[in-house]
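**Q** Okay, here's the prediction I keep looking at, along with the sequence it came from:
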Amino acid sequence: MKAFQLTGLWQMEMREVPDPVIRSPRDVLIRMKAVGVCGSDIHYYLTGRIGRQVVQYPFTTGHEGAGEVVAVGEEVTRVKPGDRIAFDPAMPCGKCDQCLSGRPHTCRNLKFLGNPGQAEGCLSEYIVMPEGSCYPLEEGITYDQGAFSEPLSIGTYAVRLAGEVKGKTIAILGSGPIGMSVLLPALAYGAGAVWVTDKIDERLALARKMGAAGTANPDREDVVAAVLQQMPLGVDLVFECCGQQEAMDQAVQLLKPGGKIMIVGIPEQDTWTFSVDELRHKEIAIQNVRRQNDCVQEALDLIGTGRVNVDPLITHHFPFEETDKAYELVAGYRDGVMKAMISFGL
């Protein structure tokens, strides 16, 4: 089969790779239909690493996907050939202390699609996933929407982990796909005023269209002053979704005493710095968000019921054969791109 693989920094090419095969009685063979380009994919494309995870070339990225079931292992009951599915890219062991305590996303033996040293990604014609990672798509949910359920499930988990958001004031720093995936469930679950910041005006315009109370661009204005002018007491929650130190500094300044920072973005740097004095005096809580934890079905339900509309966030489509062009576009933040979707069989 064909797969689009990283072959070096800023380099990709379509290559022939072995067909995946069902090895476990609970395996599912999937023909890919849609794959979203994620910011973490771009980290690997540009730098060849995220933290301790270093690419060994050639390597197949991609973990936001949806497809059609082709074949199943003899013990699979959740899906059947012909089913349309989305999937959770995480493949926990189900046996370690983390899995048994309800934390499969921090499984000691976790394998994750498109993660170096763990599993090749889904930018290929076929993949095999365990039954537990597969989620049937209801009628009316498209493959594109199914693929977008992956980032939406991260945002949904971040909102869940933050606690009750009904009526809370919120700032989302970074309105890329993950920031928008926080905005939509936060609003769906009754958040009060939500302010969004980003350096790309097209993204800010989309955030306002999707329900943000206000937006600010840190390249042109003091975003802390802009938000505090409208909410002088500060906000209850800040979701850091861009992985930038300047955003973390803004988060501390924006929060009211007793507020919480939810760290969702993946930084390129190895460390964060904080103002200890301000953290202490405001008694600010800091919560890291590690991917999604049992939130894929919840994300699909938000889409299926119409409480969340992800279609405006899918701004660009590319055929599988032009995957390299999709990566170039997203890496360069060109043409107002929010989410580039790669389609198979166009």
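**A** Here it is on my side, so go on. Numbering: from 1, shown residues only.
**Q** Give me the pLDDT for Q269.
**A** Each residue has a pLDDT score; the one for Q269 is 83.
**Q** List phi and psi for the closest residue to it other than its chain neighbours.
**A** Nearest non-adjacent residue to Q269, counting by C-beta to C-beta, 6 or more residues apart in numbering: Q245, 6.7 Å away. C-betas here are computed from N, CA, C, even on glycine. As for Q245, its main-chain torsions (degrees, to the nearest 10) stand at phi -60, psi -40.
**Q** What's the local residue count around Q245?
**A** If you count neighbours by other C-beta atoms under 10 Å, Q245 ends up with 15.
**Q** try G163
**A** Residues within reach of G163, counting by other C-beta under 10 Å, total 13.
**Q** Please apply the same query to V37.
**A** As a burial measure, V37 scores 26 neighbours (other C-beta under 10 Å).
**Q** mind listing what I284 touches?
**A** For I284, the contact set (C-beta atoms under 8 Å, 6 or more residues apart in numbering) comprises V252, L255, P257, G258, G259, K260, I261, E278.
**Q** Which of those residues fall in strands?
**A** Counting by DSSP state E, the part of these found in strands is L255, P257, G258, G259, K260, I261.
**Q** I'd like to know which of the residues you listed is nearest to R220.
**A** Nearest to R220, judged by C-beta to C-beta, of those is L255 at 22.8 Å.
**Q** who does the closest one bridge with?
**A** On the basis of DSSP bridges, L255 takes part in beta bridges with V235.
**Q** I figured it hits I261, correct?
**A** Yes. Judged on C-beta atoms under 8 Å, L255 makes contact with I261 at a distance of 6.9 Å.
**Q** overlap in contacts of these two?
**A** If you check L255 and I261 against C-beta under 8 Å, 6+ apart, the residues they both contact are V238, I284.
**Q** from the contacts of I284, which would you call buried?
**A** Listed as buried from the contacts of I284 are V252, L255, G259, K260, I261; burial here means 16 or more other C-beta atoms under 10 Å.
**Q** Now stretch 239-252: buried residues?
**A** Going by neighbour count (16+ other C-beta under 10 Å), the buried part of stretch 239-252 is F239, E240, C241, C242, G243, Q244, A247, M248, D249, Q250, A251, V252.
**Q** What of stretch 224-235?
**A** With burial defined by 16+ other C-beta under 10 Å, the residues of stretch 224-235 counted as buried are V224, A226, V227, L228, M231, G234, V235.
**Q** Quick one: find the helix or strand in the protein with the lowest mean pLDDT.
**A** Between all helices and strands in the chain, the lowest mean by mean pLDDT, DSSP states H and E belongs to strand 49-50, at a mean of 90.
**Q** Note down every partner strand of it and its orientation.
**A** Strand pairing (DSSP bridges) places strand 49-50 next to strand 53-54 (antiparallel).
**Q** Give the rounded mean pLDDT of the strand it pairs with.
**A** Mean predicted lDDT for strand 53-54 stands at 92.
**Q** immediately after that strand, which helix or strand?
**A** The first helix or strand that comes after strand 53-54 along the chain, using DSSP states H and E, is strand 64-72.
**Q** can you point me to the longest helix in the protein?
**A** helix 143-162 (DSSP state H).
**Q** okay, the angle between it and strand 64-72?
**A** 110 degrees (axes from the mean of the first three to the mean of the last three C-alpha atoms, to 10 degrees).
**Q** Remind me what helix 143-162 packs against, helices and strands.
**A** If contacts are counted by 3 or more C-beta pairs under 8 Å, 6 or more residues apart in numbering; DSSP states H and E, helix 143-162 sits against strand 27-36, strand 64-72, strand 84-87, helix 177-188, strand 235-240, strand 255-263, helix 296-304, strand 339-343.
**Q** Redo those as CSV? Include distance to L113 and mean pLDDT.
**A** Formatted as CSV, the helices and strands packed on helix 143-162 follow (distance: least, C-beta to C-beta, whole Å; pLDDT from 0 to 100):
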stretch, distance to L113, mean pLDDT
strand 27-36, 10, 98
strand 64-72, 8, 98
strand 84-87, 8, 98
helix 177-188, 17, 98
strand 235-240, 24, 98
strand 255-263, 22, 97
helix 296-304, 13, 98
strand 339-343, 14, 98
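**Q** As a markdown table, the ones you listed with distance to E138 would be great.
**A** Output for those, formatted as a markdown table (distance: least, C-beta to C-beta, whole Å):
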| stretch | distance to E138 |
| --- | --- |
| strand 27-36 | 16 |
| strand 64-72 | 12 |
| strand 84-87 | 9 |
| helix 177-188 | 17 |
| strand 235-240 | 28 |
| strand 255-263 | 29 |
| helix 296-304 | 5 |
| strand 339-343 | 19 |
